[in-house]
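> Have a look at this prediction, sequence included:
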Amino acid sequence: MATSMTTSPSLPHSADSQLSSLFFTHLPAEIRNLIYLEYWKLCSVRQHIFKYRLLDNDRESYTEAWAHVPCRADLEAPDTRFEELGQSVNGSPERELWGKRLRSEWCLHWMCEEDAKAVGERMKEASESQQDGAPVVVQHSHGPGNAGILTALLVCKRMYLECLPSLYNNTTFILTDTRTAVNFLSRYVPNHSDDASSPAPKSSVPHPIRSLELSIRVPNIITEIYYPSNPNTPGGDDGPPAVFAAGPVAAAPDGNGTLRGSRSTLNARNNPWRHLCDTVVALLPLLRHLHIWLDSSDLRPWHKRVSETRFFGPFLDLPRPHSLERFVLSLPGLPVRRGPDTHALTGQYLENEVLERLPFVVKRGPRPDNMRVHMRNIVHFGAVGFPPQPTAATVVVASGYSGGGGGGGSTTAS
């Protein structure tokens, strides 16, 4: 979809009753709703929501447009990306492809990301060739035919109004980027006047999201922020100074007396992940299902870098749902054996009595070993990426390159 699914206040008044349509006049509403449900299943009841840049009408600037693709990932299947990378030949297209898939920001949804890029390119082509003012509509489906969820919404205004609640009630919306997730979900947050403490609060949102999945590959800068704070540092709850974060800059007045040059500090209370947590907390009373799946792009293991009790602080001590299994938090595994050599963070994980303070069921599983992938890439570049040189020169190049692989850096492109 190129625009978000919203309903204008004037739309119900301008919608035709479609009295000449047998679909509306001969089928009861219950049957029509069953038809809508089967149609959503045909299109996939799991839909990725993402943004793509489109060329504006002036052909000189871009704007971001919403888009969607059905989810094809099997979250219960083993993650074979590293195995496929190891079986590929150095320098081959397959090796480069599997390297990219291992570093995918969409995590286990890497194949969905490839679908999304294809849709984005089609949206870009449609945008560049469209007439001024014409809407950009690009659909994508792996079901029979070329059906997409927008097809039903574009039939007529009456069908749009009638099937939209069914779409929201039966679709799991999947987001893989923190900023995009905040931007999308914030429009579904109930007003402050709603009673969030009620078991079933009355929402001011016409079509609230009922099922949500977040699949996030946390960047290094966020894991640095949530490294255990120094208890001896004033304001330590904000986290240690993040080496990549923007610190406070002295503001100076310009010629008009306006302060320029100031920027806020990125810390545990002000960062994209915290903003997403706050948004999800506001949505929790309206959600029927929530699944948060996390990984990290840090070369160091999750258990060495993240204080989970601080990372998930906004969720601690929230009311627990009657059916706890409706909300699932999937995290990287922790070392079974604890000791100084494992670099485990004492008292920083969601385990033991801390679990009783969460509105989630916490599940843990394996994640890609980013350091192994990084080292394999170094070997790949050292052995294949450089042209053959005399032995001495080859040793210099290999040692010089490996020395650049810092423990906290981002993974090297294969």
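Received the coordinates, thanks.

> List the neighbouring strands of the strand or helix carrying residue 49 plus their orientation.
Under the criterion DSSP states H and E, the helix or strand holding residue 49 is strand 46-55. Partners of strand 46-55 in the sheet, by DSSP bridges, are strand 62-70 (antiparallel), strand 172-175 (parallel).

> Need the winner for burial among these.
Here the criterion is mean neighbour count by mean count of other C-beta atoms under 10 Å, and of the strands paired with strand 46-55 the winner is strand 172-175, at a mean of 22. To be clear about C-beta, it is placed using only N, CA and C from the backbone, and glycine gets the same treatment.

> pLDDT below threshold where in the stretch 251-400 of the chain?
251-264, 379-400 (pLDDT under 70).

> picking that back up, now the weakest link among the strands paired with strand 46-55, please, by mean pLDDT.
Here the strands paired with strand 46-55 differ in mean pLDDT, and the lowest is strand 62-70 at a mean of 85.

> Any idea how far the strand holding residue 49 is from the middle of the chain?
Distance of strand 46-55 from the chain centroid (C-alpha atoms, centre = their mean, to the nearest Å) equals 12 Å.

> before we move on, the earlier item: dump the strands paired with strand 46-55 into CSV; add distance to residue 350 as well.
Converted to CSV, the strands paired with strand 46-55 look like this (distance: least, C-beta to C-beta, whole Å):
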stretch, distance to residue 350
strand 62-70, 31
strand 172-175, 22
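
> quick one: contacts of the strand holding residue 49?
With contacts defined as C-beta atoms under 8 Å, 6 or more residues apart in numbering, strand 46-55 is touched by 2, 61-71, 106, 109, 112, 116, 119-120, 123-124, 127-128, 136, 149, 171-177, 180, 183-184, 213.

> Dump it to PDB, restricted to CA.
Provided in PDB are the C-alpha atoms of strand 46-55 (Å, rounded to 0.1, in the frame of the first residue of the first chain):
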ATOM      1  CA  ARG A  46       0.700 -11.900   8.200                       C
ATOM      2  CA  GLN A  47       1.800  -8.700   6.500                       C
ATOM      3  CA  HIS A  48       5.000  -6.800   6.700                       C
ATOM      4  CA  ILE A  49       4.700  -3.000   6.900                       C
ATOM      5  CA  PHE A  50       7.600  -1.000   5.600                       C
ATOM      6  CA  LYS A  51       8.400   2.300   4.000                       C
ATOM      7  CA  TYR A  52       9.900   3.100   0.600                       C
ATOM      8  CA  ARG A  53      11.100   6.300  -1.000                       C
ATOM      9  CA  LEU A  54       9.000   7.600  -3.900                       C
ATOM     10  CA  LEU A  55       9.800  10.300  -6.400                       C
END
